[in-house]
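S.K.: Give the three-dimensional model of this entry:
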Amino acid sequence: MKIGILQCDDVQDKLQQRFGNYPQMFRDLMLKVDPELEFAVYDARLGELPADIDECDAYITSGSRHGVLDGLAWVGELEDFIRRLDAAKKKFAGICFGHQLLARALGGEVEQSDRGWGVGVSFNQVDVRKPWMEPFKPAIDLVVSHQDQVSRLPEGFEVLASSAFCPYYMLQYQNHLISVQGHPEFSRDYSRELTLSRQNRIAPSRVREALHSLNAEVDDVLVMRWIINFFYDR
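M.R.: Numbers count the residues shown, from 1 in each chain. This next block holds a predicted model:
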């Protein structure tokens, strides 16, 4: 299977030497699950989107420091591309920014949450068990880094996982679209450094909570395995 990585941001220069860039994070994690996967990277910010959606078997987005509400031209183009994937019933997984963009592209709403920043590890319950959720866990804990949240679901979307902080944490639409607010590709060490680099933007109490939460184990490999199972119709 060939996965198209839709890149929507870069890791900060000062952190790239240690952690790599976002496409590398995705490749490294996905290859742990399936060493036979192949990849193509498209920088959506530069308008690099597949001319033919069948260039890859499935697509996944990175997160982004930009928001779906920022009015950027490339974000609108990526939204259009997601609608093309939907029309063709092409497999797609939206991660964080991509989770929000998928909801917005298909008629939902996204807002800056009055709950503030979601940072550190988020703790979520699985509300609907799907056949591709193997091996199964009734809760999934992932690194997060976001201010915006999906505030209204598009018609026909299922909520697969949720928390009090993020009610629409993991979503599915029919058998071809899936999304999650968390970052399976982020390590806890990267989350720590990213959070510390944003201390001037995040409330001090939330930073302390985030740093303490990073002592918890995360389900990064498990959630990526679920996504790949979904791509394969397992």
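S.K.: okay but Leu15 is in contact with Glu193, surely?
M.R.: Yes - using Cβ atoms under 8 Å, Leu15 makes contact with Glu193 at a distance of 5.7 Å. C-beta here means a position set from N, CA and C on the backbone, and glycine is covered the same way.
S.K.: which residues does the most centrally placed residue in the chain contact?
M.R.: By Cα atoms, centre = their mean, the chain has its centre lying nearest to Ile95, at 1.1 Å. When contacts are counted by Cβ atoms under 8 Å, 6 or more residues apart in numbering, Ile95 touches Ile60, Thr61, Ser62, Gly63, Ser179, Val180, Gly182, His183, Pro184, Glu185.
S.K.: can you check Leu78 too?
M.R.: Contacts of Leu78 (Cβ under 8 Å, 6+ apart): Leu6, Cys8, Ala44, Leu49, Thr61, Leu101.
S.K.: nearest residue to the second one other than its sequence neighbours?
M.R.: Excluding its sequence neighbours, the residue lying closest to Cys8 (Cβ to Cβ, 6 or more residues apart in numbering) is Ser64, at 3.8 Å.
S.K.: Within the sheet, what are the partner strands of the helix or strand that contains Phe92, with directions?
M.R.: Here Phe92 sits within strand 91-95, counting by DSSP states H and E. Its sheet considered, strand 91-95 pairs with strand 58-61 (parallel), strand 177-180 (parallel) by DSSP bridges.
S.K.: quick one on the thing from earlier: output the contacts of Leu78 in JSON lines, with pLDDT appended to each entry.
M.R.: Shown next, in JSON lines, are the contacts of Leu78 (pLDDT from 0 to 100):
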{"residue": "Leu6", "pLDDT": "98"}
{"residue": "Cys8", "pLDDT": "97"}
{"residue": "Ala44", "pLDDT": "97"}
{"residue": "Leu49", "pLDDT": "97"}
{"residue": "Thr61", "pLDDT": "96"}
{"residue": "Leu101", "pLDDT": "97"}
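S.K.: what's the farthest-apart pair in those residues?
M.R.: Leu49 and Leu101 (13.0 Å; Cβ to Cβ).
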